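Engineer: one predicted model, sequence on top.
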Amino acid sequence: MDIKDKIKLSQNIAVISGIFCITVALLLLLNFWQMSKNDPTDSKVIQALVERLKQDPNDDALKMEIRNFDLLARKAYFNSQWQVKTGAYLLLFGAIVFAFALRFYYSLKSKIEAPDTQHENEIASRILAQKGIIIVGAVMLVMALGTSFITVNHLKYYDVSTSADQNQSVEENEGIEVIDVDNHPAMVPDQSAQSEKIEPEVQTEQQPEEAAGESVETEDSKQAEVKKEEPKKAEANPAVAGSGASSFLADIKKNSNSFRGPFSQGVSFIENAPVEWDGSAGTNILWKSPIPKNGFNSPVIWGDKIFIAGADAASREVYCYNRTDGKLLWTGKVDNIQGSPSAMPKVTPDTGLSAPTLTTDGKRIFAIFATGDIIAFDMDGKRVWAKNLGVPNNHYGHSSSLITWNNKLIIQYDTNNGGKVMALDVATGNAVWETTRNSKISWASPVLAEVDGKYQVVLTADPIVAGYDVETGKELWSVECMMGEVGPSVAYSDGIVVAANEYARMVAIDIRTHKTLWENDEYLPEASSPVACKGLLFIATSYGVIVCYDLKTGEQYWEDDTGAAIYSSPTIADGKMYLMDNDGVMRVYEFSKEKKLLSENELGETGGTTPAFEDGHIYIRGEKNLYCIGK
């Protein structure tokens, strides 16, 4: 190929790549204009259908039509985001090819003899025209790339700094409403059909005791070195093991020390759970106490104390209430933490700055916030240690809850920067182990699973569901089966892990063989975590459909369309399944293969958190108050 052929080839490549860049740039600009004018998640059609539904709330066909339109709107939003991202990469690639082709073209042209004076003016005008085209193309390139980065975000973030004054602190012990239950006798539920008494599977791993007199870090003292204990070997029966192991397991079973209760599995060991109440009328409401700051974390219980957290742009706080009367015992301030950001990260309204549920080991209470601040208090509210893990790169806000086991605080920290899981020493906050995960961002929380006498932490994210050794952090197994923005935590029972996510699938995995037992994509949860127990599996969709499956086969037994949004997770307690919708209505079902709704109970305010159970009582966090329900 002679030099003239090379010049012609480079010229053709430059022209083709230039046309390609202009076309992609125009499409990106057009897409930006369309997205700025039309919010794909705010459909006037859906709004009109919702208005029609208000006139006829029992129109099931109309409900299905609304759901279909909502699904199309969501898909349109994610498709437009994909188009912008893909277009930006294609435009960048085309621009690079164009630049190299043009450079090669002029390099070859310079090797040819200069033209005679007769053609100088003509060539000069051509060069000027070419430069004009290049400048216009460069301007379009910059505009297109710029619009791809500033494309309208239809997730409607809000800046918490504008709402700092909306949450006013409540003075300690003021505003607690105690209701005289003698004036509101309990309503007796229908006992015509006795439900099966559920005995949750007993965990067999023993919990080593912490060393007596261990050192802790305070604000005024230097960090103490803590001697690491060798974990004791698991025994088949914790009841005959060391008294510390037996006592700890007994405490775990009668308390609710993490998100979704013991082991974060959504199965409670308590008895005599209330079935009927009415928050507005005060029926079976023993007390309710105001919550100073907003948060979406669920209550946790240890002994006679209940813990929740709240946050706004002004401050982050941990609250301890008396379980008996609802009195606010202490407020722990989360401040003066090295590395904590001065400006709050932007979060969505349905996540906020305080979404993760706290956890406790019976000696300390641990909390984490969207700022990456993590803190430990003792049971009397004295600060033990605090640190910042780095502000999580999260476009909704951090929501993965905490869990503790065997002197370790387990943290799932999957962000846009990559995935990892870590364990901190509960006494000092020092790192025990940290494992990098081959995963993307996730809003799910860790779950503890006992397998053949040993415990592992099971996590779900895009694209993997995986188990990690709780002592070392070593990845034990991994199955690539998830996709999208994973919010629900896994369900675990009888050696089967169930992971699910909206716009993806639901997958049942044998935790020993790591084989997929079955898959389903008909009903999928968005935020609510599934729960499994004694061969049954329950899930709840964000649009209000509750479904019961056979855990081992995936066979569907029943479904119930509540017509309400659901973010809370179902919980199994005392032979029943409890699930609260975002309007604050708790539905209680018999734990059975056949659908039997026992009661529908109104809290009297909105709420989307998961309840905590204690013998004879249920504790629910509403939007503004913490409730104790019991006879």
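Structural biologist: Thanks, I have it. On a predicted model such as this, the values are computed, not experimentally measured, just so you know. Residues are numbered from 1 along each chain as shown.

Engineer: ok, the residue nearest the centre of the chain - contacts?
Structural biologist: Centroid-nearest residue in the chain: residue 443, 2.6 Å away (criterion: Cα atoms, centre = their mean). Neighbour list for residue 443: 351, 394, 396, 399-400, 485-487, 527 [criterion: Cβ atoms under 8 Å, 6 or more residues apart in numbering]. Quick note: C-beta positions are derived from backbone N, CA and C, even for glycine.

Engineer: could I get the residues you listed in JSON lines, plus columns for pLDDT, neighbour count and secondary structure?
Structural biologist: Listed next are those as JSON lines, based on pLDDT from 0 to 100; neighbours: other Cβ atoms under 10 Å; DSSP: H, G, I helix; E, B strand; the rest coil:
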{"residue": "351", "pLDDT": "94", "neighbour count": "21", "secondary structure": "coil"}
{"residue": "394", "pLDDT": "92", "neighbour count": "24", "secondary structure": "coil"}
{"residue": "396", "pLDDT": "94", "neighbour count": "20", "secondary structure": "coil"}
{"residue": "399", "pLDDT": "96", "neighbour count": "25", "secondary structure": "coil"}
{"residue": "400", "pLDDT": "97", "neighbour count": "27", "secondary structure": "coil"}
{"residue": "485", "pLDDT": "93", "neighbour count": "18", "secondary structure": "coil"}
{"residue": "486", "pLDDT": "96", "neighbour count": "27", "secondary structure": "strand"}
{"residue": "487", "pLDDT": "96", "neighbour count": "24", "secondary structure": "coil"}
{"residue": "527", "pLDDT": "95", "neighbour count": "24", "secondary structure": "coil"}
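
Engineer: once you drop chain neighbours, what's closest to residue 545?
Structural biologist: With Cβ to Cβ, 6 or more residues apart in numbering as the criterion, residue 545 has its nearest non-adjacent residue at 5.1 Å, and that residue is residue 561.

Engineer: and that neighbour, how many neighbours does it have?
Structural biologist: 15 (other Cβ atoms under 10 Å).

Engineer: these two touch, right, it and residue 541?
Structural biologist: No - if you go by Cβ atoms under 8 Å, residue 561 and residue 541 don't touch, sitting 9.3 Å apart.

Engineer: touching, residue 493 and residue 266? I think so.
Structural biologist: No - Residue 493 lies out of contact with residue 266 (Cβ under 8 Å); the separation is 9.4 Å.

Engineer: and the two? which has more neighbours close in?
Structural biologist: Shown here are residue 493 and residue 266; by other Cβ under 10 Å, residue 266 has more neighbours (28 against 22).

Engineer: pLDDT weak spots in this protein?
Structural biologist: 1, 32, 34-46, 58, 60, 63-64, 67-82, 109-246 (pLDDT under 70).

Engineer: still on that earlier bit, please enumerate the shared neighbours of residue 493 and residue 266.
Structural biologist: In contact with both residue 493 and residue 266: 532-533, using Cβ under 8 Å, 6+ apart.

Engineer: hey, C-alpha coordinates of stretch 331-343 in PDB?
Structural biologist: What follows is stretch 331-343 as a C-alpha-only set of coordinates in PDB (Å, rounded to 0.1, in the frame of the first residue of the first chain):
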ATOM      1  CA  THR A 331     -29.300   9.200  74.300                       C
ATOM      2  CA  GLY A 332     -25.800   8.500  72.900                       C
ATOM      3  CA  LYS A 333     -24.300  11.200  70.700                       C
ATOM      4  CA  VAL A 334     -22.400  10.100  67.700                       C
ATOM      5  CA  ASP A 335     -19.800  12.900  67.300                       C
ATOM      6  CA  ASN A 336     -16.100  13.800  67.400                       C
ATOM      7  CA  ILE A 337     -15.200  10.800  65.200                       C
ATOM      8  CA  GLN A 338     -12.000  11.100  63.200                       C
ATOM      9  CA  GLY A 339     -12.600  10.900  59.500                       C
ATOM     10  CA  SER A 340     -16.400  11.600  59.800                       C
ATOM     11  CA  PRO A 341     -17.500  13.900  56.900                       C
ATOM     12  CA  SER A 342     -18.400  17.500  57.700                       C
ATOM     13  CA  ALA A 343     -21.200  17.500  55.100                       C
END
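
Engineer: mind listing what's buried in that stretch?
Structural biologist: 331-332, 334, 337, 340 (16 or more other Cβ atoms under 10 Å).

Engineer: now, among these, which is nearest to residue 533?
Structural biologist: Set against residue 533, the nearest of these by Cβ to Cβ is residue 332 (34.1 Å).

Engineer: ok, what's across the strand from that closest one?
Structural biologist: Beta-bridge pairing for residue 332 (DSSP bridges): residue 318.

Engineer: that one reaches residue 310, doesn't it?
Structural biologist: No - between residue 332 and residue 310 there is no contact under Cβ under 8 Å: 11.0 Å.

Engineer: shared neighbours, those two?
Structural biologist: Counting by Cβ under 8 Å, 6+ apart, the residues touching both residue 332 and residue 310 are 317, 319.

Engineer: packing partners for the helix or strand encompassing residue 33?
Structural biologist: Using DSSP states H and E, residue 33 sits in helix 3-37. In terms of contacts (3 or more Cβ pairs under 8 Å, 6 or more residues apart in numbering; DSSP states H and E), helix 3-37 is packed against helix 60-109, helix 120-149.

Engineer: report how many residues lie close to residue 53.
Structural biologist: So residue 53, with other Cβ under 10 Å, has 16 neighbours.

Engineer: okay, buried residues for stretch 473-487 please.
Structural biologist: 473, 475-479, 481-482, 484-487.

Engineer: restricted to strands, list those.
Structural biologist: 475-479 (DSSP state E).

Engineer: quick one: which two of the buried residues of stretch 331-343 are the most distant?
Structural biologist: Among the buried residues of stretch 331-343, 331 and 340 lie farthest apart (Cβ to Cβ), at 18.1 Å.

Engineer: tell me the domain ranges of the chain?
Structural biologist: Listed by automatic domain parsing, the domain ranges of the chain are 3-112+123-149, 172-185+234-630.
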